[in-house]
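1. give the three-dimensional model of this entry:
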Amino acid sequence: MKTVIEPFRIKVVEPIRMTTEEERQVFIREAGYNPFRIRAEHVLIDLLTDSGTGAMSTRQWAGIMEGDESYAGARSYFRFEEAVRAVFGHRHVIPTHQGRASERLLCRAVVKPGDVIPGNTHFDTTRANIEDSHAEAVDLPIAEARDPGNLHPFKGNIDLDALEACLRTHGRERVPFVLITVTNNSGGGQPVSMANLRATRALCDRYGVPLVLDAARFAENAYFIKLREDGYADRTPREIAREMFSLSDGALMSMKKDAFGNIGGVVSLNSDEWAERVRTLLILTEGFVTYGGLAGRDLEALAIGLEEVLEEEYLRYRIASTAYVGRHLEACGVPLLKPFGGHAVYLDGRAFCEHISNENLPGWSLSVALYERIGLRACEIGNVMFGRQDPATGTWRWPPLDLVRLAIPRRVYTQSHMDYVIEGIDELYRQRRTVRGLRFVHRPPVLPHFTAVFEPVA
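-> All right, here's what the predicted structure looks like:
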């Protein structure tokens, strides 16, 4: 059969408020032309993020009822620890309330002012936490990652020559760890190959630098390896994931992605010294070390989700359903980043809105138009998120790509929802010169995309 069906049945439904375009024009104006500031009830199809927006299974809901809410040493923690260690394999398992808490704790524990953190491409909160530690986040993607049309199967790979040059220049004294994000979210949800991870491990060993994985979407990365890398077709996603983590010294994870959690994260480490520092900081800001800001019921749900996400039928459906959206948009001529990611399809904002200059934020303008026209909320990953202004000259430096991410929540939307998205984007693309540019009214200095205010360009 060619049709890949959802490997689940729908048991509970949530109504969607059907807004009009006229209503949405008012809502987005009141939100300062920032999709993050729109009330969720005013959104028809919400593809802003796949983080914490998935649907939990009956097993997870049942697990919630078994949550042990003891302050210290709850059995739910040990259930969580066992599930994480079975996949990650590291000695220390430290729960946190979400991924950015994991980033903050590790950065505060081991990153010093003046340090350099190389990676394939750092995401927004990762970069912000590194810079908050007065260190530098250095992106070293392969050259193919900067070309939206290039069909390289592992565009999430780190540039090994550039990484070696960075390690040689700064040494272990200034590089506390190398961070590889799997899949590479800022680079279009692109996977990292096992060969690239293995070569990165060898470089880290040569220079005495630990390797850490940002593992928010590790299961999707494992399945891409199974599909695309020689020698892995007959391996299970769990076996591939275990090999991935065996090449690392630690991992950070937002468990709101590939663990089907509505909240939750983890720091997983081999180093006793690092773990002690992280736990000390965690007690100051998150809670006790066996709950890390989470309720026992959350720990139970995450432990079960970590098992479910590695089920091969689910991953087959997940990758195929995302590709379904990409293929149909491509057939309509819509400019996209290819190959399609595991959790999202990325529109090429600059190519879609070629009539809008970088200064007038083509990707962000497209995300606003998508909301106004069809009620779709999406996330810009480009000029607003990563653009930087030189404080001395006032000149803007724009990122290589200005993308609009359609992040698909796990087990939430049906094919007819996605058909609506495809039809709406197709119609907007045929009328793309009606998309208006935007400019900043207020731009916060840190993570501006979350709270910035904009206005249309006349």
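
2. chain center to stretch 262-271: distance?
-> The gap between where stretch 262-271 is centred and where its chain is centred comes out at 15 Å by C-alpha atoms, centre = their mean, to the nearest Å.

3. do the same with stretch 130-148
-> Going by C-alpha atoms, centre = their mean, the spacing between the C-alpha centre of stretch 130-148 and its chain's C-alpha centre is 15 Å.

4. can I get that stretch as CSV, trimmed to CA atoms?
-> This file holds the C-alpha atoms of stretch 130-148, laid out as CSV (Å, rounded to 0.1, in the frame of the first residue of the first chain):
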residue,chain,number,x,y,z
ILE,A,130,25.7,30.4,25.7
GLU,A,131,25.9,34.1,25.1
ASP,A,132,24.3,34.7,28.6
SER,A,133,27.4,32.9,29.9
HIS,A,134,29.5,35.5,28.0
ALA,A,135,30.7,32.8,25.6
GLU,A,136,30.5,32.5,21.8
ALA,A,137,28.2,30.1,19.9
VAL,A,138,29.9,29.2,16.6
ASP,A,139,27.8,27.6,13.8
LEU,A,140,29.8,25.2,11.6
PRO,A,141,27.2,23.7,9.1
ILE,A,142,28.4,21.9,6.0
ALA,A,143,28.3,24.1,2.8
GLU,A,144,25.3,22.1,1.4
ALA,A,145,23.2,23.3,4.4
ARG,A,146,23.2,26.9,3.0
ASP,A,147,21.6,25.8,-0.3
PRO,A,148,17.8,25.3,0.1
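
5. for the record, mean pLDDT for it?
-> Taken as a whole, stretch 130-148 has an average pLDDT of 96.

6. what pLDDT, on average, does the helix or strand hosting residue 370 get?
-> Using DSSP states H and E, residue 370 sits within helix 362-374. Helix 362-374 carries an average pLDDT of 98.

7. following it, which helix or strand shows up next?
-> Downstream of helix 362-374, the next assigned helix or strand under DSSP H and E is strand 376-377.

8. for that next one, packing partners?
-> When contacts are defined as 3 or more C-beta pairs under 8 Å, 6 or more residues apart in numbering; DSSP states H and E, strand 376-377 packs onto strand 45-46, helix 362-374, helix 415-430. Where C-beta positions appear, they are placed from N, C-alpha and C, glycine not excepted.

9. and the next helix or strand past that strand?
-> Scanning forward in sequence from strand 376-377 by DSSP H and E, the next helix or strand is strand 379-381.

10. ok so, going back, okay, angle between the helix holding residue 370 and helix 415-430 too, please.
-> Counting by axes from the mean of the first three to the mean of the last three C-alpha atoms, to 10 degrees, helix 362-374 lies at 120 degrees to helix 415-430.

11. domain-wise, how is the chain divided?
-> Using automatic domain parsing, the domain parsing of the chain gives 21-50+312-456, 58-308.

12. which of the ones you listed is buried the deepest?
-> Across these, averaging neighbours per residue (mean count of other C-beta atoms under 10 Å) puts domain 58-308 on top, at a mean of 21.

13. end-to-end on that one?
-> Criterion C-alpha to C-alpha, to the nearest Å; first-to-last residue distance in domain 58-308 is 11 Å.

14. so residue 94, which of the three states?
-> Each residue gets one of three states, and residue 94 gets strand by DSSP: H, G, I helix; E, B strand; the rest coil.

15. hmm, it is touching residue 281, no?
-> No - Residue 94 is beyond contact range of residue 281, at 10.1 Å (criterion: C-beta atoms under 8 Å).

16. and for these two, which residues touch both?
-> With C-beta atoms under 8 Å, 6 or more residues apart in numbering applied, the overlap between the contact sets of residue 94 and residue 281 consists of residue 105.

17. so, low pLDDT: which residues of the stretch 301-450 of the chain?
-> Across the stretch 301-450 of the chain, not a single residue meets the criterion (pLDDT under 70).

18. show me where it has helices.
-> Assigned by DSSP state H, counting those that start in this stretch, the stretch 301-450 of the chain shows helices spanning 312-331, 349-352, 362-374, 383-386, 415-430.

19. residue 232 versus residue 114, what's the distance?
-> Summarising the geometry, the distance separating residue 114 from residue 232, computed by C-beta to C-beta, to the nearest Å, is 40 Å.

20. right, I mislabeled it, should have said residue 404
-> When distances are taken as C-beta to C-beta, residue 404 and residue 232 turn out to be 32 Å apart.

21. got the residue ranges for the strands in the stretch 101-250 of the chain?
-> Assigned strands in the stretch 101-250 of the chain, in chain order: 116-119, 136-139, 178-181, 211-214, 250-254 (criterion: DSSP state E, counting those that start in this stretch).

22. so for the fourth one, what's the average pLDDT?
-> On average, the pLDDT along strand 211-214 is 98.

23. neighbouring contacts of that strand?
-> In contact with strand 211-214 (C-beta under 8 Å, 6+ apart) are residues 99, 106, 119, 123, 126, 177-182, 200-201, 204, 244-245, 247-253.

24. what do you get if the cut-off is 7 Å, keeping everything else the same?
-> When contacts are taken as C-beta atoms under 7 Å, 6 or more residues apart in numbering, the neighbours of strand 211-214 outside the stretch itself are 126, 177-182, 200-201, 204, 245, 247-252.

25. next, the most centrally placed residue in the chain: phi, psi?
-> Relative to the mean C-alpha position of the chain, the nearest C-alpha, by C-alpha atoms, centre = their mean, is the one of residue 185, at 4.6 Å. The phi/psi pair for residue 185 (degrees, to the nearest 10) reads phi -70, psi -50.

26. isn't it right next to residue 123, touching?
-> Yes - taking C-beta atoms under 7 Å as the definition, residue 185 is a contact partner of residue 123 at 5.1 Å.

27. to residue 142, which of the helices of the stretch 301-450 of the chain lies closest?
-> When the helices of the stretch 301-450 of the chain are ranked by proximity to residue 142, the top entry is helix 383-386, at 18.0 Å, counting by C-beta to C-beta.

28. the closest one packs against which elements?
-> Contacting helix 383-386 under the criterion 3 or more C-beta pairs under 7 Å, 6 or more residues apart in numbering; DSSP states H and E are the following elements: helix 362-374.

29. other SSEs contacting the helix it packs on?
-> Packed against helix 362-374, as judged by 3+ C-beta pairs under 7 Å, 6+ apart, are the following elements: helix 21-30, helix 349-352, strand 379-381, helix 383-386, strand 403-407, helix 415-430, strand 438-442.

30. from the chain's centroid, how far away is it?
-> Between the mean C-alpha point of helix 362-374 and the mean C-alpha point of its chain there is a distance of 21 Å (C-alpha atoms, centre = their mean).

31. cool, and stretch 145-159?
-> Using C-alpha atoms, centre = their mean, the distance from the centre of stretch 145-159 to the centre of the chain it belongs to is 17 Å.

32. repeat that for stretch 324-344.
-> Its chain's C-alpha centre lies 18 Å from the corresponding centre of stretch 324-344 when counted by C-alpha atoms, centre = their mean.

33. need the residues that contact that stretch.
-> Counting by C-beta under 7 Å, 6+ apart, stretch 324-344 makes contact with 50, 148-149, 151, 153, 183, 188-190, 217, 220, 224, 257, 318-319, 322-323, 345-348, 351-352, 403, 405-408, 418, 421-422, 425-426, 429, all of which sit outside it.
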